[in-house]
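*Asks:* Quick one: sequence plus predicted model below, questions after.
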Amino acid sequence: MSRPLALHPDRLFPADPATRTLARALHASVADLPIISPHGHTDPAWYADNAPLGDATDLLLRPDHYVFRMLYSQGVALGALGVGPARAGYDPRAAWRILADHWHLFRGTPSRMWLDWVFVEVFGLTEALDATTAGRYFDTITDALATPAFRPRALIDRFGIEVIATTESPLDSLRHHARIRADNQAGVWAGRVVTAYRPDPVIDPEFEGFRANLDRLGELTGEDCLTWPGYLAAHRQRRAFFAAHGATSTDHGHPTAQTADLPRGEAAALFDRVVRGVFTPTEAELFRAQMLTEMATMSCDDGLVMQIHPGSFRNHNAALFAAMGRDKGADIPMRTDYVHALKPLLDRHGSAPDLSIILFTLDESVYARELAPLAGHYPCLKLGPAWWFHDSPEGMRRFREATTETAGFYNTVGFNDDTRALLSIPARHDMARRIDCGFLARLVIEHRLADWEAAELAHELAYGLAKRAYKL
């Protein structure tokens, strides 16, 4: 017998009745604000082509590493879910049934909350997912996705997404963004989709295909990317190209936050070793460190906001990486230093009036000790929200509790959904708004904020801070 599915109106609000009442009122004032989605990994082809999004498994299971990571941890083969390059014999209905059979694994997780929101608010489902309802879920979702109301552009409009950013390599032609902009200019669609410059494939010497990527960068720019001046000029050219296609930010997914500021000759000599492939792991790290400072220098000139996302041991499962490739849920957080790591960059640019750097972390131990004091001092620094493994109710609360006392609210940038799953975007923003309203309500109840200040802050955290921080 299936069980009912409903979203409680007070979900995620504090248990104390007085605080909950105030949180409810604060949330009502921001619940329907437009969504600013300044950084994510959805596919720009969705918005350019505006084609149907496939079936339930294609949309909600296969692209979502939060979901298939949990299933893999319990012995489910990723191939059976359609994840990875080998999809012979893959059956999307059978994959969805696997998810339903294992739905209990997600109890208490943010993935469960996001997907329940999607099931109820987007598809109108009223019975819980389980083995008996799996087929009904699959058919309801898949049939809906075939209708015009569930095309990507219609969903962007329905969810109130004012602007959404995707993330592309410097080697990307940005043809999808060009088509979207053409439709904007023709009055076909008013949705705003921008790109972000993610140069990892041509900055990280240990990125697979790095040398070939440099050759391709040279072909695209006409610069000699095997020389240090030509390589830097190519970056400047591609950044300008991205900015012309709407980019307001860059994004850097380095293993650490290490920066360096080498003399020009030393930097050129290091680059030469990197190009020739005769470098040590220490030199690879030094090159990445130097390039963070070079990217900051370029941001001082072109105004692109710089995002640094360090601290992930990428593709920790070597066998899975060899079989499946990147982004298959095998990334693990690491301890991350910021105080020493960022000092070379900050010595050079820390007070630059035209530089804005947003710091993220997977290491919660540095919130109060390092990140909040840094952002609470250096004009160029702001703190990104609780990210990735900590994009959860408890993670969001820990972030506010550990950083507000030193960095305040205005040295943070609101919420960033950072997702590949289109339908999870409004669910994630709903969660963040509820958590922030609960935090603000507690400060009012404790007489640390006036109610009107909490109302202003609720609006800023939900909308204003992100829009300004990302120059959107």
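*Replies:* Arrived safely.

*Asks:* Can you give me the pLDDT of residue 326?
*Replies:* Residue 326 is assigned 81 on the pLDDT scale.

*Asks:* do the one 3 residues further on as well
*Replies:* Listed pLDDT for residue 329 reads 81.

*Asks:* host element of the closest residue to it other than its chain neighbours?
*Replies:* Spatial nearest neighbour of residue 329, excluding adjacent residues (CB to CB, 6 or more residues apart in numbering): residue 69 at 3.2 Å. Placement of C-beta: from N, CA and C, glycine included. Using DSSP states H and E, the element containing residue 69 is helix 65-73.

*Asks:* Which other helices and strands does the next helix or strand after that helix contact?
*Replies:* Per DSSP H and E, the first helix or strand lying C-terminal to helix 65-73 is helix 92-101. The elements that helix 92-101 packs onto, with contact taken as 3 or more CB pairs under 8 Å, 6 or more residues apart in numbering; DSSP states H and E, are helix 56-60, helix 65-73, helix 134-145.

*Asks:* name the helices or strands packed onto the helix or strand just after helix 92-101?
*Replies:* On the C-terminal side of helix 92-101, the nearest following helix or strand under DSSP H and E is helix 110-117. The helices and strands touching helix 110-117, judged by 3+ CB pairs under 8 Å, 6+ apart, are helix 65-73, helix 424-445.

*Asks:* which parts of the following helix or strand past the last one are buried?
*Replies:* Think helix 424-445. Once the chain leaves helix 424-445, the next helix or strand it forms, by DSSP H and E, is helix 451-459. For helix 451-459, a neighbour-count test (16 or more other CB atoms under 10 Å) marks 454-455, 457-458 as buried.

*Asks:* Name the residues of stretch 391-404 that are buried.
*Replies:* 391-393, 395-400, 402-404.

*Asks:* List of residues touching that stretch?
*Replies:* Residues outside stretch 391-404 that contact it (CB atoms under 8 Å, 6 or more residues apart in numbering): 12, 109-110, 113, 364, 367-368, 371-372, 375, 383, 385-386, 389-390, 412, 417-418, 428, 431-432, 435-436, 438-439.

*Asks:* Give me the neighbour count for residue 160.
*Replies:* Using other CB atoms under 10 Å, residue 160 has 12 neighbouring residues.

*Asks:* just to revisit the earlier point, and the buried residues of helix 451-459, which is closest to residue 57?
*Replies:* Nearest to residue 57 out of those is residue 458 (CB to CB; 36.7 Å).

*Asks:* any idea of the pLDDT on that closest one?
*Replies:* Residue 458 is assigned a pLDDT of 98 by the prediction.

*Asks:* That one reaches residue 439, doesn't it?
*Replies:* No - with contact defined as CB atoms under 8 Å, residue 458 does not count as touching residue 439 (9.8 Å).

*Asks:* Which residues in the helix or strand of the chain with the lowest mean pLDDT does the neighbour count mark as buried?
*Replies:* Lowest by mean pLDDT, DSSP states H and E among the helices and strands of the chain is helix 318-324, with a mean of 88. Using 16+ other CB under 10 Å as the burial criterion, the residues of helix 318-324 that qualify are 320-321, 324.

*Asks:* Format these as a markdown table; extra columns: distance to residue 257.
*Replies:* What follows is those, written out as a markdown table (distance: CB to CB, whole Å):
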| residue | distance to residue 257 |
| --- | --- |
| 320 | 26 |
| 321 | 23 |
| 324 | 28 |
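
*Asks:* quick check, nearest of those residues to residue 160?
*Replies:* Relative to residue 160, the closest of the buried residues of helix 318-324 is residue 324; by CB to CB it sits at 35.1 Å.

*Asks:* how much space is there between that closest one and residue 77?
*Replies:* Remark: distance between residue 324 and residue 77 (CB to CB, to the nearest Å) = 11 Å.
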